[in-house]
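A.B. asks: Please work out how this folds:
(one chain, ligands or ions: 1)
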Amino acid sequence: MMTDGFHSDPLYQELERLLEPFGQTHLLRTWPQLTEEQRKKLAEQIRELDLPLLQRLYEKRHQVLDVSGLLERASPPRAVRLGSDYRGIPPAEARAKGEQLLREGRVAALLVAGGQGTRLGFPHPKGMFPIGPVSGHSLFQIHIEKILARSRKAGRPIPLALMTSPATHQETVTYLENHRRFGLSADDLYIFCQGTMPSLDADTGKILLAAPDSLALSPDGHGGMLAAVIRSGTLQKLRDRGIEYIFYFQVDNPLVDILAPEVIGYHVLSGSEMSTEVVAKQSPFDKVGNLVQVDDRLCIIEYSDLPPELAEKRAPDGSLLLWAGSIGVHVINVDFLFRVADLADALPYHIAQKKVDYYDPDQGYVKPTAPNAIKFEKFIFDLIPHAKNAIAIEVDAARHFAPLKNAPGAEKDAPEHVRAQMIALHRSWLQAAGAVVEDGVPVEISPLVALDAEDLRDRIPKNWRITEPIFLSPEFISAWSSSPQTTPKTE
Ligand code: UTP
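C.D. replies: Got it, this is the predicted structure:
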């Protein structure tokens, strides 16, 4: 501990000069009790701050985004429904195009996994959550195996760019290395870390401390991907290996059909710079971003910004006029990302009031019971209005969207709901392939065995009756195909 003479410490003076004009010198209150090492750490975090930006954002915190002009002109988005023709392009042609691009090595997957997963309350990065209903496999394993399965079909490796944040980075890297990246070659995995933003006290605008020697920093939103993928050199590396299209997805949805050829095909054949998967909203007030058309552009209007009368407006056939809810899956052109990276403020910060634990030099560690802080996040979907010819691609929610957001026991989006949806989907594939699955029996299919119902056809025993929980792994399939007369044991 150093207590003497800290006011004359040049480092202290430098920081005081930085913080003073912005009323943030309280961050130095713990200085006398810090070791040399701790002081350096705190100084580094303070130097990284964009204090003028934080001040501007705090001053604007009550400004409501005025979307009324936009809303007057909002109409349903240009959308293709998977499995149907779009502007004369049949699904088979789109699929063939997507497959061709994958074979030519022009598409990469990009997974954003930097979120803190506060609602789930799992004490590790969300990607490590054991979601497999029978296998217990993690979200990371399931995602990576889907990419490997697509690589096999394409006959060449497909790279994965994986975004972490300081909150998830080290544990994610160690976990993936301990599991040998679940079979993905080190040459095909590009891990990059997103930036952070400090949390501010909601009443005073003062930056919060997380501990005596560190600021309360949190990842800057999935929109932080844009700056991070460029700053880290990842996008350039992908471009250097011939990648032109990015298939972007989020870590929390185990049903996402990663690198779906038909989706990629429609994106490219329609000349879109950024395409977005949507599902038909179940009710006008579903808590999803609403993808709408405004003039020649698509954009997302947050559910909280959509007035009830517009949310409830019906088309002549009785369906919701603004029906398209975004599920956070996008196909994005690499050139487009490079182009918008230069646009000042391409992505605005969104402001949210949240509960944030903090350290107070007088009270020690504080765990607030009500929202006490302001957090700033960028959202990747704010890029959509900048994209030419953006399209929505409608997918079926039951088959494509099971987000893991909440802790067990929650009303929706909890592990039990996600697992039930995985089981229902895989059961339907098994039934389509001719099996009978007894009611209530959990089934799960490894992505290395099948990515869809079609993949499973002719690969399981005829008239197979499944009476016990089963995980259909490649080992299981090869054991059965080496002696097809015996129905496989299900343990
Ligand atoms: P959410 O917005 O649902 O946040 O992220 P979250 O961190 O998973 O959960 P809560 O809100 O704290 O409970 C959607 C996707 O965006 C990623 C997440 O990892 C998830 O894949 N994300 C979110 C980031 O990569 N970085 C961020 O800063 C925020």
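
A.B. asks: give the contact list for the nearest residue to residue 163 once chain neighbours are set aside.
C.D. replies: In this structure, residue 163 finds its nearest non-sequential neighbour in residue 112, 4.7 Å apart by CB to CB, 6 or more residues apart in numbering. For every residue, glycine as well, the C-beta is placed using N, CA and C. Residue 112 is in contact with 163, 222, 225, 248, 249, 250, 251, 380, counting by CB atoms under 8 Å, 6 or more residues apart in numbering.

A.B. asks: if you set the cut-off to 10 Å instead, what comes out?
C.D. replies: 161-165, 194, 219, 221-225, 228-229, 248-252, 328, 380 (CB atoms under 10 Å, 6 or more residues apart in numbering).

A.B. asks: how much space is there between it and the ligand?
C.D. replies: Residue 112 sits 4 Å away from the ligand, going by CB to the nearest ligand atom, to the nearest Å.

A.B. asks: same thing with residue 115?
C.D. replies: 2 Å.

A.B. asks: so that residue makes contact with residue 223?
C.D. replies: No: judged on CB atoms under 10 Å, residue 115 makes no contact with residue 223 at a distance of 11.9 Å.

A.B. asks: And the two? Which one has more around it.
C.D. replies: residue 115 (26 against 22; other CB atoms under 10 Å).

A.B. asks: Around the ligand, which positions in the stretch 151-300 of the chain sit nearby?
C.D. replies: Where the stretch 151-300 of the chain comes near the ligand, counting by CB under 6 Å from any ligand atom, the residues are 163, 165, 194, 219, 220, 221, 222, 224, 250, 251, 252.

A.B. asks: if you set the cut-off to 5 Å instead, what comes out?
C.D. replies: 219, 221, 222, 250, 251 (CB under 5 Å from any ligand atom).

A.B. asks: The closest residue in space to residue 400 that isn't next to it in sequence and residue 146, how far apart?
C.D. replies: Spatial nearest neighbour of residue 400, excluding adjacent residues (CB to CB, 6+ apart): residue 255 at 5.4 Å. For residue 255, the distance to residue 146 equals 10 Å [CB to CB, to the nearest Å].

A.B. asks: Please apply the same query to residue 407.
C.D. replies: For residue 407, the distance to residue 146 (CB to CB) stands at 26 Å.

A.B. asks: Would you mind telling me which of those two has more residues around it?
C.D. replies: It is residue 146, of residue 407 and residue 146, that has more neighbours when counted by other CB under 10 Å, with 22 against 14.

A.B. asks: doesn't residue 404 fall inside a helix?
C.D. replies: No: applying DSSP: H, G, I helix; E, B strand; the rest coil, one finds residue 404 to be coil, outside a helix.

A.B. asks: Need the nearest residue in space to it, chain neighbours excluded.
C.D. replies: Per CB to CB, 6+ apart, closest to residue 404 is residue 252, 4.5 Å.

A.B. asks: hmm, back to that, what do residue 115 and residue 223 both touch?
C.D. replies: By CB under 10 Å, 6+ apart, the residues touching both residue 115 and residue 223 are 194, 377.

A.B. asks: need the next SSE after the top strand by length along the chain, C-terminal direction.
C.D. replies: Using DSSP state E to define each element, the chain has its longest strand at strand 324-333. Downstream of strand 324-333, the next assigned helix or strand under DSSP states H and E is helix 334-341.
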